[in-house]
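> Just a sequence and a predicted model for now, questions to come.
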Amino acid sequence: MLSKKEGKGKNKEGELAAQGGAAMEKIERSDLLLVIDVQNDFCPGGALPVPDGGAVVPVINRVIGLFPAAGATQDWHPAGHFSFASSHPGKKPFETIPWHGQEQVLWPDHCLQGSAGADLHPELEARPLRFLLRKGTRRDVDSYSGFLENDHRTSTGLKGLLQELGVRRIFVAGLATDYCVRATVLDGLEAGFRVAVLVDACRGVDVPAGSVKKALEEMRSRGALLLETRDLSAG
Ligand code: VGL
Ligand code: ZN
């Protein structure tokens, strides 16, 4: 059972030992590891580097084989995408504009369809991936979440795909904690899946400052379990 045990991932070693390993989360047949946007542009040297973004790669590689299934998302924008600051004369990256009652952050050009920056990180263990879902492909709508575009209406098809695969619990890893990981986790919960965030397998942009912490608290309060990969045990 993926139960909600507050602060479970934050237990000290001694407390874990006292529980006789009860803090371990056993991986089940209907579990899936969902790897979010582990792409060159979000790693150091890329167009929109997430601080320490590449650090998620060895962590994901260490656990991906424990899961009966894994899939990944890929941010995949056409040239001139409206989320790019360069598409808005006079605007600079990280400024915001209003968009249908929401605040849209303007980014440096990133993850252009077919570019090297949009490729998955070359060291990511990609062989176990059953699918690669591309999002943010429409010029006029951004898509942080793997499930729904930012209009919160248009489905990417991920919900149906996971249902076809018999997935009941999703373990989320990747980039960025405060944007695409957050949005995917919240929509996954909304879609009826149980969701765990592998916190040490995620990194955030933290723009504006404090947004990583806020995102983690929000995901937990909406029902996601915050875990560390060391809490996972093979099924
Ligand atoms: C992302 C900003 C813009 C992400 C994607 O993967 O979190 N962030 N596009
Ligand atoms: Zn993007």
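Received the coordinates, thanks. Ligands and ions are numbered 1, 2, ... in the order given.

> Torsion angles phi and psi at the most centrally placed residue in the chain?
With the centre of the chain defined as its mean C-alpha position, the nearest residue by Cα atoms, centre = their mean is V181, 2.8 Å away. Per-residue torsions, V181: phi -70, psi -50 (degrees, to the nearest 10).

> contacting residues around it?
36, 172-175, 197, 202, 204, 215 (Cβ atoms under 8 Å, 6 or more residues apart in numbering). C-beta here means a position set from N, CA and C on the backbone, and glycine is covered the same way.

> Just put these in a markdown table and tack on pLDDT, secondary structure and distance to K26.
Formatted as a markdown table, these follow (pLDDT from 0 to 100; DSSP: H, G, I helix; E, B strand; the rest coil; distance: Cβ to Cβ, whole Å):
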| residue | pLDDT | secondary structure | distance to K26 |
| --- | --- | --- | --- |
| I36 | 98 | strand | 23 |
| V172 | 98 | strand | 18 |
| A173 | 98 | strand | 18 |
| G174 | 98 | strand | 22 |
| L175 | 98 | strand | 27 |
| V197 | 98 | strand | 17 |
| C202 | 98 | strand | 21 |
| G204 | 98 | coil | 28 |
| A215 | 98 | helix | 26 |
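
> Keep only the residues you listed that also lie close to ligand 1.
L175 (Cβ under 6 Å from any ligand atom).

> got the contacts of V181 as TSV, with distance to ligand 2 columns?
Output for these, formatted as TSV (distance: Cβ to the ion, whole Å):
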residue	distance to ligand 2
I36	11
V172	17
A173	18
G174	13
L175	11
V197	20
C202	16
G204	14
A215	16
